[in-house]
Structures are given as structure tokens and as C-alpha cells.
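Asker: let's see this in three dimensions:
(chains A and B)
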Amino acid sequence: MKKSIFLLSSFFFLLSACVPKVSRTLTIMTHDSFAISREVVAVFEDENNARVVFLASGDAGEMLNKAILSKDAPLADLLFGVDNTFLSRALEANIFDAYQSPALASVPAAFRLDPTQQVTPVDYGDVCINYDKAYFAEKNLAVPQTFEDLTNPVYKDLLVVENPATSSPGLAFLLATRAHFDDGYLDYWRALKGNGVVVVDGWETAYYTNFSASSGKGPQPMVVSYASSPAAEVIFADPPVDDAPTASIVSAGTCFRQIEFVGILKGTQHRALAEKFVDFMLSTQFQEDMPLQMFVYPVNPSAKMPDAFVKYAQVPSQPAMLAFNDIAANRDKWIDEWTNTVLK
Amino acid sequence: MFFAAPRLTRFLLWLIPLTFLGLFFFHPFARILALTFTPAALTDENINLSFDVLLFTLYQAFLSTLLTLALGLPSACLFAKFDFRGKSLLRALTAVPFMLPTVVVAAGFNALLGSRGWLSFLFPLSNFQFVGLPAILIAHVFYNTTIVIRIVGNALSRLDPRIDQAAHTLGANDFRTFWHVTLPLLKPALTASALLVFLFDFTSFGVILLLGGPSFSTLEVEIYIQAVKRLNLSLAALLSLIQLLCTLIFSILYTRIISRNTTQTAPRSVKSNLRKPRTLREKILIASFILLLSSFFLAPLLALPLRSATRLEADRGQRGEVQYGLTADYYTELFVNRRGSIFYVPPIQATLNSLGYATATVFLSLLLGFPAASALAKPTRLEKFLDPLLMLPLGASAVTLGLGFLVTFPRLLALPFIVPLAHTLIALPFVIRTLQPALASIPDRLRHAAAALGASPFQVWKNVDWPILSRATLSAATFAFTISLGEFGAAILLSRPEYPTIPVAIARFLSQPGGLNYGQAMAMATVLLVLTTLGILLIEKLRLPGAGEF
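Answerer: Next up, the predicted model:
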């Protein structure tokens, strides 16, 4: 068996040797939603005479768990996309080498959650309720402003959310209600359930099957999505529209802020190059490219935002906050309690 | 060639498939279980959870299999016995769902049955939601009927009609003939297809998550949640073991049923079994069944190309009715890398990648499947022991196997060469189950006769075995092809954005909001749909060299 593995791997090695040689290859493990412009990557590659390879490894949680499982033989040099809901798990697993980027100095302290410098913040996004503007205008219905409003019978059957056990925006929304109601959050969910909240497995189903303002034309005019989604609806509209069909509810405490981090994986053979890439991710060039690629906001305050973002994406001024170690300690417990309350 | 079955031949036949399975299935699976399973996982709470999930998994799998057989058997009869216009197209269409991503199938059903779907236009009062157990069952039937059609239909078309005729001559009516003559002869194919369908339903994942809704959980869904979302690996290992054990039990049961029931009959040309419907009653019956079958498969499938060419935009802000308009924009947009993304997927490239992987999977799984099926066709004690093991990759948890790959082959995992290997793991049981009944049905006396007349073993194989096998080979190739295009088993791997396939491209579009993204996803799904239909039609039209009319 050992021998055949050896033969096989040497076969693959020979094949991969046929690929044109560049001096160094930097591998970055990401989640499936990661995207970036070709030209931005090319800038880094040219400057450093290196090749950058991305490994899409499932959603954020999946990616992190794959990195933890393979930490003895790391698959990549860097890992991008671990967020504040998973941060503690990443830090506990001890998969990162500490690195303090000089570029970090300009990043607001609110994003620098990790005192041990194992991970560096790169971008953030807010999970908010999106609503179908036409629906509320047509029915002459006021848009709900608070979590409490959503239990009002006039909004019966109008909201679709994602299952926090399987979806990251779903978990973020659960955390926002937890932050707002504290121990009373289960009573709130009981009330929401009574008011006909619909639960689906993930964002794709919620947005494209259930949400009435998306192309799926579903039955619910409110969906848990991102504050940047209305901007995406304009950028990807067909035919072009001059106003977003959706908007976000951004009143205090109703949105949950997800901050995404990058970290250098222990065991990398390209430590110096990996550090350069972390710096590069905080550069204005990279930071200004992110909004239109991933629909997230840059953490570097000097990065300029694209017009569509300024115009159509609202940034909540007071997103809900929970300490990341509080999330880590209770995540599974809250999900279980939520499951028993809402699904059973 | 193998009727003498010397030990050495058997050993050689098993060598390649078992090495493959050992390397890429048993080794990584055992490794991850050894790494993660601890007796500490055996708490009362975990055992209760496992038991509940197991019960539901079995329940929905039994129901789904029964329903699939209920639709699949008459369909298999229809395709094997009757000749009608559009037959090969309809047959190919029934296989298309098999490789469509669940998200796309869900979109198809929603366009049809959803709250603003076509049916709600016809019956405006119905407030039907396509979720829950009914949605799971319908989707499973939609996905898996093709398995029954192919495997049972194959066996049916090989049956010697003279046996039926003899039964009739002896005074048996249609029912008695079917019950006492046809059914026993079909038993191996029937059990094989039922087992394959059952295992697919048993390990169902996407359908349960997307269509069942969050209150339903099968073993595979629970393994995914525990292993991937919670990193509760010891509970995931326990669930994987239960799943594997169940698969083993079902496969052993299957082997026992099969071993008592293989009959060799004189194989017949497929055409000699075909006829046009004769009496009026027969015509009406056949026509209405064709109508039922085609609307069940066509309606949700048609929703995709329709949706991919329809602009469905409301006049924003002052919406009265949803407005419709035809457009080709989604297709032209596929060719534009508007945001200069490094992960932009040119449709041609995605198509070529998908086809490349599918072709490699077809060859690899036939190469591995032939020797194994040949050995199984004449089972000795060794085969009865090995047979159930061959089915295990189909019933094993893809999530767990993926983690096994991760700890076993961390360096190989991201290489494109490994993709067809993963697809082959899932395709192999299908290839073997398709080839084996055909191989077993070849009467030894034909081979003996040929040998007695001086034919070399190779000539015997070429002139006796191959003409009978060519049809089953095509069927097996179709399975491997669709399994690969549908990316079964791909969950095992890490994907390299440089080598995107069509399903990967669809998932990328659906991960961001906006009408253009949705439209492009539907356009890409349509490309996949057309490609598979053409691929299947092409494979079926192939006349393999040396093949007779079998």
C-alpha cells in the first residue's frame, strides 16, 4: 500500500512538474465566497516574482475545520475568511503564527479583536434584514424598525431566516437577537415562531427561493441577508435600474457585524512572502477591490468605496456586538436551545 | 473466458479494483475514524440522537425507494417493450435530473410548484409550499427513477420472449406469467436497482437540506452538521459508523438474495422484444403513461431554460404585476468577465473541464468495473465475501470520506487529477451492478460451444460475451458520465478555482444577490442540461465495434 501511494504521488509529481516553473508559490485557503480581481493578484505576483494559488474549501466553518484537521501537514500558507463567530475556535486550535502587520496601525481598534496578533482583520460586513420595497409600498405597510416590531401580527408570515446550525448569516442573526434580548432571546423566538417566521437551510434558499424581491419571486418580503445586498441588486440588475428594489433595516442593534480575518498558517515554508501578502491585503489597492468582488467593506479607512455602495448600501451605525469569546463559549448551546425552541 | 475460473485469474481480476478501493476508500475512511472515534462519544444523549436520526433516515429511504420503484418499473417496461416516437429523447431526459445540482432542481420545482409558480397560476387558491416530506419524496423519485429504468429495463430487454410465450401457451394469464415467470427472471436486476436507489436515498444530503427544511435530518446531514459546523468529530464518527454498518447490512442482504436467484437464459436481441402498441386499450394506456412520465420529468426541467431566457422584473417601486420579457442577456453575460475577477469562469472552459472529468471517470470506472463484475458473475465464496464491500463507497458518508482524504492525502487533495478518482468511487458500484447481471446471464453453454468449436478464450469473449455486454457497457458508461457531471463525491475535495466545472460555476452565481446572477445560474444550468441530454443520446447511439443487436 505504502509503495503504491509512493508510486502514485511520484506520478502526480511528475505531471505537476510539467507546469511552467515560477520561483515560489503562495497558497491561500479561502471560503467559497472569496473573490478578487485578476489584476490585483497580478500586481502582487509581479512584485514578488511569485505565483498565488487559492484553495476554495467550503464555507467559513468548513474551511476552518479543514485547516484545523490538517494542521500537521498544512494545505496552505495563509488562511483567509475566519470571522468573529469562529475566531475563538481558530485561536484555540493554535493553527496560526503571530504576525503584526505595519499596515494594521491605520485599522480602527474596533476591528482588531485578537490581542495575540495571530489574525489580522481584512474586511467586515453586516448581516441585516433586507426588505422588498415594492411590497411595503404596495401594501401601504410601515417597514418594521425593531426586533419587537417583527412579532406584530401585521408582519405575520413575512420573514424568512436561515437555520443557524447550517448557515453563517443565520447564526449572525441569532447572535443579534441574543445580544438584544440576552436570556430572553428564546421567548422572542417563540413569539417570532408564533408570527410565522420561515426557517430555511441557507442563504441561497432564503434569498432566491423565499424572498419576494429576488429573481426567485418567493412569498416572503423580508429576508436575513447583508447590508450590502441592495447594492448588489443594483449592480447585477437586468435591465439596469436606477434604484435598489430592496433596502436593509439598519436601526440600532438589529444588524450583526461579521469581521473577516487572515492568518499565517503554522508550518508555512514562505513566511516572508506570507507576511507580504497580509500587508498587501490591507493596502488600498486590495481593499478597494473587495467591495465589488465580495460585497464586504474594507477595514482600511483610506480605501474609497464604489459609488453603488455609497448610494445603495446602508451601514448600520450601531450593529449588535457580542464578545467573540462569549460566542465561542456558547455558540453550540445557543444553537441547540434555538433548535429545540423553533424547530421542534 | 472466466468459466474455468482458475485461482490466478480471480486474483488478477480482483487486484485492480480492490487496490483502488483500498487506497482511495478504505484507507482514508479507516484513518479518519481511527483518528476521531472515541468510546466517549457513546453517551446516552448521542445514542438517542443517532437512533432518532437513523429512524427518519430509514423511513424516508424506504418510502422513497417504494415510490421510485412504483414509477420506475412501469417506465422500464415501457422502454423495454414498446417502440414509440421520441423514445430515446424521453429516455435520456429521465436521466438528466440525476446530474443536476440540488439547488437547480429546487429552482425548477419552485418555478413549477412554488407560491408564484406556474401551477399557482392555474390553481390560484392553492397555497402549496414545496417543502417537507412530500418535497423530499418527490425529489428522490425525480432523481433516482432513471436507475430503475436503466437497470431493470436492460434486463427486461434481454429477456427471451419465448419463455413468456411458452407460459401463455401453457395456459397462464398475463398476471400469472408476470408473477411466476418474468418477475423471478428480473429479480437480480430488480434487487440491484432497489439497493442502489435505497442507498442513494439513505445517504441523501442536498435534497434533505434544501427541500426538506431544517426540521428534517438524515445521518448524512447530521454528520455534516456535527463534523463540519461544530467540529464534534467523535459524534460524526459514531454516526458515520452507523451509516456504514447499515450499508454493509443492506449489501449483505442483497448478496444473499441475488446468490439464490441467478438464472442463465438465452439472450435475445433488444429489437426482437420491441413492438408498437397494438390494441386501442393498450394504445390509450401507453399514451397516458408517456404523458404522465414526460410531464413529471419535463415540467421542472423546462423551467430552467425558460427561466434562463425570461426577464422577470417588476417595475420597481410601483409594482402591479410581475412583468415578463424574453432575453438572451444571461447567455451573453456568461462570456463577460465584468468585474475582472480572478475566479471568473468562462462557460466553454467550465464545460470542457466538466466533460474532461466525465470522460476520465467513464474510462476509469469501466476499467475497474469490468474485472470486478466478471469475477462477481460466477461467485465463489470469495466473491460472496467481497461483493458487499464493493457497495460501501455508495453508502459511506461523503463528508467523512472527505475529511479522511484531508488527513490521508493532504498534498494530492487539490490536484485536478484526483477529481475523476473521487467520481469513480461513486460510479463504480453502479458500473459493477450494471455489468454483473449481464455477465451472469450469458449462458455457459454458448461459451462452451464456441470453445468446443475451436475458439480461443479471446475469440469466445469477443464473439459471445461482448455482443451481449455492449449494451450493459453503454448503460454503465451513461451512469459514470452523469455521476461525474453531477459532481457526486466532489464534496470530498478542495476545489481549485482555476479548474471550475459547471456545477461550481452555478454555485458561484447563486452565492450573490442580483437578477443577473440568478439568470446566469439558470443559463449555466441549461447548458448542463443540454450537455447531458446530448451526451446520453450520443452514448446510446454509439454502436460499439463488434456489438450485435443486443
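Asker: please count neighbours and contacts with C-alpha atoms only from this point.
Answerer: Noted.
Asker: number of nearby residues for A:Asp132?
Answerer: 24 (other Cα atoms under 10 Å in any protein chain shown).
Asker: B:Gln436 and A:Val197, how far apart?
Answerer: 51 Å (Cα to Cα, to the nearest Å).
Asker: who has more neighbours, the two?
Answerer: Set side by side, B:Gln436 and A:Val197 show more neighbours around B:Gln436, with 26 against 22, by other Cα under 10 Å.
Asker: what's the helix or strand for the more buried one?
Answerer: Taking DSSP states H and E as the definition, B:Gln436 sits inside helix B:418-441.
Asker: in the chain, where is pLDDT below threshold?
Answerer: No chain in the question, so chain A it is. Within chain A, the ranges that satisfy pLDDT under 70 run A:1-23.
Asker: could you do chain B instead?
Answerer: For chain B, the ranges with pLDDT under 70 are B:1-5, B:114-129, B:259-273, B:312-325, B:488-498, B:543-550.
Asker: just give me the neighbour total for B:Ala367.
Answerer: Careful, residue B:367 is Leu; it's not Ala. B:Leu367: 15 neighbours (other Cα under 10 Å).
Asker: and B:Arg275, bridged to which residues?
Answerer: Judged by DSSP bridges, the bridge partners of B:Arg275 are B:Phe82.
Asker: residues touching it, list them.
Answerer: Residues counted as contacts of B:Arg275 (Cα atoms under 8 Å, 6 or more residues apart in numbering or on different chains) are B:Lys81, B:Phe82, B:Asp83.
Asker: please report the distance of it from chain A.
Answerer: Between B:Arg275 and chain A the distance is 45 Å, computed by Cα to the nearest Cα, to the nearest Å.
Asker: same check, this time on B:Pro28
Answerer: Distance, B:Pro28 to chain A, using Cα to the nearest Cα: 12 Å.
Asker: same thing with B:Tyr224?
Answerer: Using Cα to the nearest Cα, one obtains 9 Å as the distance from B:Tyr224 to chain A.
Asker: wouldn't that residue be in contact with B:Val399 here?
Answerer: Yes. Between B:Tyr224 and B:Val399 a contact is recorded at 6.2 Å, counting by Cα atoms under 8 Å.
Asker: skipping adjacent residues, who's closest to residue 153 in space?
Answerer: Just going to use chain A. Of all residues not flanking A:Pro153 in the chain, A:Asn195 sits nearest, at 6.4 Å (Cα to Cα, 6 or more residues apart in numbering or on different chains).
Asker: right idea, wrong chain: chain B
Answerer: B:Ala76 (4.4 Å).
Asker: and that neighbour, what does it touch?
Answerer: Going by Cα under 8 Å, 6+ apart, B:Ala76 touches B:Val148, B:Ile149, B:Arg150, B:Val152, B:Gly153, B:Leu156.
Asker: rerun that using 7 Å as the cut-off
Answerer: B:Val148, B:Ile149, B:Val152, B:Gly153 (Cα atoms under 7 Å, 6 or more residues apart in numbering or on different chains).
Asker: now those as JSON lines including distance to A:Thr25, neighbour count and secondary structure?
Answerer: Output for those, formatted as JSON lines (distance: Cα to Cα, whole Å; neighbours: other Cα atoms under 10 Å in any protein chain shown; DSSP: H, G, I helix; E, B strand; the rest coil):
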{"residue": "B:Val148", "distance to A:Thr25": "48", "neighbour count": "27", "secondary structure": "helix"}
{"residue": "B:Ile149", "distance to A:Thr25": "49", "neighbour count": "28", "secondary structure": "helix"}
{"residue": "B:Val152", "distance to A:Thr25": "51", "neighbour count": "28", "secondary structure": "helix"}
{"residue": "B:Gly153", "distance to A:Thr25": "52", "neighbour count": "25", "secondary structure": "helix"}
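Asker: for chain A, what lies in contact range of chain B?
Answerer: Residues of chain A lying close to chain B by Cα under 7 Å from any Cα of the partner chain are A:35-38, A:54-57, A:61-62, A:65, A:69-70, A:73, A:75, A:133-134, A:137-138, A:163, A:166, A:199-201, A:204-205, A:214-215, A:217-219, A:229, A:232-233, A:236-238, A:245, A:343.
Asker: inside helices: which ones of the residues you listed?
Answerer: Counted as lying in helices by DSSP state H, out of the residues of chain A next to chain B, are A:38, A:61-62, A:65, A:69, A:133-134, A:137-138, A:204, A:229, A:232-233.
Asker: buried members of those into ChimeraX, please.
Answerer: ChimeraX command restricting those to the buried ones, with burial defined by 16 or more other Cα atoms under 10 Å in any protein chain shown:
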select /A:61,62,65,69,133,134,204,229,232,233
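Asker: list the contacts for the residue in the stretch 201-344 of chain A positioned nearest to chain B?
Answerer: Proximity of the stretch 201-344 of chain A to chain B (Cα to the nearest Cα) peaks at A:Glu233, 4.2 Å away. Each residue near A:Glu233 by Cα under 7 Å, 6+ apart is listed here: A:Ala244, B:Pro513, B:Gly514, B:Gly515.
Asker: before we move on, what about A:Leu64?
Answerer: By Cα under 7 Å, 6+ apart, the residues touching A:Leu64 are A:Val82.
Asker: quick one: it and A:Ala98, what's the gap?
Answerer: Distance, A:Leu64 to A:Ala98, by Cα to Cα: 17 Å.
Asker: try A:Phe54
Answerer: Noted for A:Phe54: a distance of 21 Å to A:Ala98, by Cα to Cα.
Asker: so for the two, which residue has more residues nearby?
Answerer: A count of neighbours by other Cα under 10 Å puts A:Phe54 above the other of A:Phe54 and A:Ala98, at 23 against 15.
Asker: domains of chain A?
Answerer: A:2-124+A:259-306, A:126-256+A:315-343 (automatic domain parsing).
Asker: understood, closing this out.
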